[in-house]
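In: got a sequence here, can you build the structure:
(4 chains)
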Number of protein chains: 2
Amino acid sequence: MEEPERLKKQKELIEYIGRQNEREGFQPVPARIMGLLLVMDKEEYTFEEIVEEMQISKSSVSTALKNLEIRGIIEYVTYPGDRKRYFRAISGEIDTFINEVETKMIKNLATINQIIELKKDPNSRSAMFLKSIMTGMDFFIRKLDELKTEYKKDR
Amino acid sequence: MEEPERLKKQKELIEYIGRQNEREGFQPVPARIMGLLLVMDKEEYTFEEIVEEMQISKSSVSTALKNLEIRGIIEYVTYPGDRKRYFRAISGEIDTFINEVETKMIKNLATINQIIELKKDPNSRSAMFLKSIMTGMDFFIRKLDELKTEYKKDR
DNA sequence: AAGTTGGTTCTGTGAATTCCGAACTAAAAA
DNA sequence: TTTTTAGTTCGGAATTCACAGAACCAACTT
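Out: Have a look, this model is predicted:
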């Protein structure tokens, strides 16, 4: 692929990832900065470079980076004798993702349990149905744990 | 538990589920209507009943219900000789949930693949790292499929 | 044919969000 | 000590969004 063509496609991909991240609850600016850090060839971006590259105000970049750092999905390093911060995407391993799914499910499980406990008739169609969901989730969560250990063992 | 006490707790739970759903990208109104349909003892709600119960305008309820239906998480039934629609939460089985997780992962996988393909150096630290993520996701997705069939067999 | 029921669709608005510029700060350089 | 660098924080402007109200529509009733 021609060099300018590749660059153009990278930019488009950043925009796409940006929109995708927005759907995950990111604000537009952090969403696209994430894209930048993932897509481009440069492994580390300074604050100033992000401002330049994305044409976003310093203040927005500042809050966005703080935001992303708090979420634990980017980090920065500094080099001796250089006051700049070098930002990069954090290497989120697969079990981070699994853990997220798991945590969410456990929380949902608790909520469903609450719902059932507050039903007048615990044998009603909806209560029974919710119980079956719980069984399924339980099964799933147990399996997720097995899965994590299995994956770790493999490497 | 005393009857009014139970009702109060149900209302609180609806509000909690509402906030939870908002975090999943729902708007406030659909988020709480979902809660209503899940928590209360009444198995089916008419449009009018939802308006009454939640004190929300007809227009908002109308769009919210359409919204939820398009998402495929509620449905309505009608009864002969009755023009009203009776809404209820759809019995989303556990594999619906798994499928959602799976679909999302597959989409992410495709995006990551795009990123790698657009890298100048496919052996760079970040490209290698993305590849390892892909391996993990691949493993996970395959296992999810096994898991679904295993679960179905059990019942 | 006129009215009622059970909603839907279409703006308008208040509130929330997002972003920017300007003022500020802390550390390093001159 | 002043200036420059590398950002942060604050207040407001602009944009976006969710919701309500009103007008509307289609089917049924009287």
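In: which parts of chain A sit against DNA strand D?
Out: A:46-48, A:58-59, A:62-63, A:65-66, A:83-85 (Cβ under 7 Å from any atom of the strand). All C-beta atoms are positioned from the backbone trio N, CA, C, and that covers glycine.
In: any chance of these in a markdown table, with neighbour count too?
Out: Shown next, in a markdown table, are these (neighbours: other Cβ atoms under 10 Å in any protein chain shown):
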| residue | neighbour count |
| --- | --- |
| A:46 | 15 |
| A:47 | 16 |
| A:48 | 12 |
| A:58 | 11 |
| A:59 | 9 |
| A:62 | 14 |
| A:63 | 14 |
| A:65 | 21 |
| A:66 | 12 |
| A:83 | 6 |
| A:84 | 13 |
| A:85 | 17 |
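In: could you export those residues as CSV, including secondary structure, distance to DNA strand C and pLDDT?
Out: Converted to CSV, these look like this (DSSP: H, G, I helix; E, B strand; the rest coil; distance: Cβ to the nearest atom of the strand, whole Å; pLDDT from 0 to 100):
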residue, secondary structure, distance to DNA strand C, pLDDT
A:46, strand, 15, 98
A:47, helix, 13, 98
A:48, helix, 13, 97
A:58, helix, 6, 98
A:59, helix, 3, 98
A:62, helix, 8, 98
A:63, helix, 7, 98
A:65, helix, 12, 98
A:66, helix, 12, 97
A:83, strand, 5, 94
A:84, strand, 10, 96
A:85, strand, 12, 97
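In: same list, these, but as CSV with distance to residue B:106 please.
Out: Listed next are the residues of chain A next to DNA strand D as CSV, based on distance: Cβ to Cβ, whole Å:
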residue, distance to residue B:106
A:46, 34
A:47, 35
A:48, 37
A:58, 38
A:59, 37
A:62, 35
A:63, 33
A:65, 30
A:66, 32
A:83, 43
A:84, 38
A:85, 35
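In: would you check which pair of the residues you listed lies furthest apart?
Out: Of all pairs drawn from the residues of chain A next to DNA strand D, the greatest distance, 20.1 Å, lies between A:63 and A:83 (Cβ to Cβ).
In: now do the domain split for chain A, please.
Out: Domains of chain A are assigned by automatic domain parsing as A:3-89, A:94-154.
In: quick one: which of these is nearest residue B:126?
Out: It is, among these and with distance given as Cβ to Cβ, domain A:3-89, at 5.7 Å.
In: any bit of that closest one sitting next to chain B?
Out: Yes: counting by Cβ under 8 Å from any Cβ of the partner chain, chain B is contacted by domain A:3-89 at A:6, A:9-10, A:13, A:16-17, A:20, A:23, A:25, A:38-39, A:41, A:43, A:89.
In: out of the residues you listed, which is nearest to residue B:52?
Out: Scanning the residues of domain A:3-89 next to chain B for proximity to residue B:52, where the rule is Cβ to Cβ, the winner is residue A:25, at 32.0 Å.
In: the closest one and residue B:22 touch, don't they?
Out: No: using Cβ atoms under 8 Å, residue A:25 makes no contact with residue B:22, being 9.9 Å away.
In: which one of the two is surrounded by more residues?
Out: Applying other Cβ atoms under 10 Å in any protein chain shown to residue A:25 and residue B:22 shows that residue B:22 carries more neighbours, namely 15 against 12.
In: doesn't the more buried one lie inside a strand?
Out: No: Residue B:22: not assigned to a strand; according to DSSP: H, G, I helix; E, B strand; the rest coil it is helix.
In: top helix in chain A by residue count?
Out: helix A:125-154 (DSSP state H).
In: which parts of it are buried?
Out: By neighbour count on 16 or more other Cβ atoms under 10 Å in any protein chain shown, the buried set for helix A:125-154 is A:126-127, A:130, A:133-134, A:136-137, A:139-140, A:143-144, A:147-148, A:151.
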